[in-house]
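Peer 1: only geometry, no sequence info:
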């Protein structure tokens, strides 16, 4: 684990020399390519381009998902008053990372990032530095290991105060057999009333044929599997919670900026208050 607190002071490092397999594509590096990044390998780029051929709107969808993250964090900071964020499945740092958006509005905001790709850890060390008044922390962990995530996050976050749990573009990496709904329930149960849950999830029922082809292609190529889900399946992750307006909608339609294109793209997103 790498800790970067109070303006970038660093603590222990779990892996000084992360081992990265460049022969197998990884979802974080494929997304990095779609976002215009350079932290990817030939196998990632080749798979990303094949997916684009199956669904020409793939790049627009991924970038719309990233824009949703920024709008959601801005809402949570400026309107919901949240000052603590647990961002699981953060991916390779890009523009408008969670701590940047949050600390722009509230410099004292505290953010814990979680991902399971060693290459993300490398870039987290270099780029995810905090505002001097706040804190950032990076955990290398798998979403399925909720106990370890919560235990380590408590080093930076105060779980007696509201926390925003961000699961943006990560739950599709958890197959049904691993009980993604149970994982979400565990995370929700760990934070106090007044906390929030934000989810984005690739849709199986928007551009359905292209998304099915793309998912099958990625599952043949990657070590892990992905599962795109329909709206009613994503809605179950919010069971018992109070969705804020406009509810569970395509990425482009969640509190869009004035003049933005709101044509539905294949992703469901929502933000809900806990308790």
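Peer 2: Cool, the structure landed. Just so we're clear, the structure is a prediction, and the values are computed from it rather than from any experiment.
Peer 1: can you give me the helices for the chain?
Peer 2: 27-34, 42-54, 58-78, 98-105, 118-127, 146-153, 180-190, 208-221, 231-235 (DSSP state H).
Peer 1: same for the second one, what does it pack against?
Peer 2: Helix 42-54 makes packing contacts with helix 27-34, helix 58-78, helix 208-221 when contacts are defined by 3 or more C-beta pairs under 8 Å, 6 or more residues apart in numbering; DSSP states H and E. No exception for glycine: its C-beta is placed from N, CA and C like everyone else's.
Peer 1: would you turn those into CSV with mean neighbour count, mean pLDDT and distance to residue 255?
Peer 2: CSV is the format used below for the helices and strands packed on helix 42-54 (neighbours: other C-beta atoms under 10 Å; pLDDT from 0 to 100; distance: least, C-beta to C-beta, whole Å):
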stretch, mean neighbour count, mean pLDDT, distance to residue 255
helix 27-34, 24, 87, 22
helix 58-78, 21, 95, 5
helix 208-221, 16, 91, 24
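Peer 1: closest to residue 272 out of the ones you listed?
Peer 2: Among the helices and strands packed on helix 42-54, the nearest to residue 272 by C-beta to C-beta is helix 58-78 (11.0 Å).
Peer 1: looking at it, residue 45 is touching residue 32, isn't it?
Peer 2: No. Counting by C-beta atoms under 8 Å, residue 45 does not reach residue 32; the two are 9.8 Å apart.
Peer 1: in this protein, which helix or strand is least confident?
Peer 2: In the chain, the helix or strand scored least confidently by mean pLDDT, DSSP states H and E is strand 9-10, which has a mean of 36.
Peer 1: Who are the contact partners of residue 103?
Peer 2: The contact partners of residue 103, by C-beta atoms under 8 Å, 6 or more residues apart in numbering, come to 109, 111, 130, 131, 133, 134.
Peer 1: and the gap between the spatially most central residue of the chain and residue 185?
Peer 2: When the chain is reduced to its mean C-alpha position, the nearest residue by C-alpha atoms, centre = their mean turns out to be residue 168, at 3.0 Å. Counting by C-beta to C-beta, to the nearest Å, the gap between residue 168 and residue 185 amounts to 18 Å.
Peer 1: what does residue 205 give?
Peer 2: From residue 205 to residue 185 the distance is 24 Å (C-beta to C-beta).
Peer 1: and the closest residue to residue 115 other than its chain neighbours, how many neighbours does it have?
Peer 2: In this structure, residue 115 finds its nearest non-sequential neighbour in residue 90, 5.1 Å apart by C-beta to C-beta, 6 or more residues apart in numbering. Residue 90 sits with 27 neighbouring residues when counted by other C-beta atoms under 10 Å.
Peer 1: So residue 90 sits against residue 112, correct?
Peer 2: No. Taking C-beta under 8 Å as the definition, residue 90 is not a contact partner of residue 112, at 9.4 Å.
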